[in-house]
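In: give me a model of this one.
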Amino acid sequence: MLAIVHNGVAFPLFWWILDKKGNFNIDERIDLLGEVFPIFPDVKVANLTADRDVLGGDWFEYLLKHAKVPFRIRTR
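Out: A predicted model of the protein is given here:
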């Protein structure tokens, strides 16, 4: 799910319902961001906040080099 947070309240913008158990793989995460960025081309992302389910070097590399989105990942 992608949401806008305002005054501590998250307002969902985009989400996918998966036909599987578990979490998004890296390709699914990239696809979701790929749908959002063209709709909001001029928006400045303050940060992407995620849970530890989305850890991974390839994901971090994508965020840093391609999406250029600052991020915070909760690890434990």
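
In: other SSEs contacting the top helix by length along the chain?
Out: Counting residues, the longest helix found in the chain (DSSP state H) is helix 26-39. Counting contacts by 3 or more Cβ pairs under 8 Å, 6 or more residues apart in numbering; DSSP states H and E, helix 26-39 packs against strand 2-6, strand 9-14, helix 57-61. Just so you know, the C-beta spots here come from the backbone N, C-alpha and C atoms, and that holds for glycine as well.

In: pull the residues that contact that helix.
Out: For helix 26-39, the external contacting residues (Cβ atoms under 8 Å, 6 or more residues apart in numbering) are 2, 13-14, 16, 18, 24, 54, 56, 58-59, 62, 67, 69.

In: ok so, going back, as TSV, the helices and strands packed on helix 26-39 with mean pLDDT would be great.
Out: Listed next are the helices and strands packed on helix 26-39 as TSV, based on pLDDT from 0 to 100:
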stretch	mean pLDDT
strand 2-6	83
strand 9-14	87
helix 57-61	86
